[in-house]
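*Asks:* Provide a 3D model corresponding to the input given below.
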Amino acid sequence: MQQRIVVGAHYGWRDWLVQRITAVVMMLYTFYVLALLIWHGGLDGAAWRSIFGSAVFRVATFLFMISLLWHAWVGVRNILMDYVKPVSLRLVLEVVVIAVIVAYAGWTIQLLWGAR
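*Replies:* Prediction:
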């Protein structure tokens, strides 16, 4: 009988699934925005304000941004785990990335639902 050696954090299946789901969400949103551009023959500032006046579009945009940030986190974390060997340095870099991602999420909320 062969002994199996367990190594790593085993993020593989979950990361693979998250990357695919977030990519589909981003793709659908991108197709929707492109369809709006094609349908209206381009959009000026007033049209963009009108589109973002819709709560549904703001929620869709927020879901796109959360998908983008989660997608980026999985990719950056995997790169850090693969290439940054000192654990303390990797932890510092991961905390910096998390802080930036949280800041971007907060900025997105401010832009979508902040004072107008």
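*Asks:* what helix or strand is the closest residue to A105 other than its chain neighbours on?
*Replies:* Ranked by CB to CB, 6 or more residues apart in numbering and with sequence neighbours excluded, the top spatial neighbour of A105 is L69, at 5.9 Å. (C-beta placed from N, C-alpha, C; glycine too.) With elements taken from DSSP states H and E, the one containing L69 is helix 55-83.
*Asks:* okay, buried residues for the next helix or strand after that helix please.
*Replies:* The element immediately downstream of helix 55-83 (helix or strand, assigned by DSSP H and E) is helix 87-113. If you call a residue buried by 16 or more other CB atoms under 10 Å, then helix 87-113 has these buried ones: 93-94, 97, 101, 105, 108.
*Asks:* low-scoring stretches of the protein, by residue?
*Replies:* Residues of the chain meeting the criterion pLDDT under 70: 1, 4-11, 115-116.
*Asks:* contact partners for the spatially most central residue of it?
*Replies:* The centroid of the chain falls nearest to L68 when counting by CA atoms, centre = their mean (1.8 Å). Applying CB atoms under 8 Å, 6 or more residues apart in numbering to L68 gives the contacts 22, 26.
*Asks:* any idea how far it is from G42?
*Replies:* Using CB to CB, to the nearest Å, one gets 24 Å for the distance from L68 to G42.
*Asks:* what of T61?
*Replies:* Here the criterion is CB to CB. By it, T61 lies 19 Å from G42.
*Asks:* of the two, who's got more company?
*Replies:* Each of T61 and G42 had its neighbours counted (other CB atoms under 10 Å), and the higher figure belongs to T61 (19 against 8).
*Asks:* quick one, what contacts that one?
*Replies:* Contacts of T61 were listed using CB under 8 Å, 6+ apart, and they are 29, 52, 108, 112.
*Asks:* the last one touches F62, doesn't it?
*Replies:* It refers to L112. Yes - look at L112 against F62 with CB atoms under 8 Å: they come within range, at 5.9 Å.
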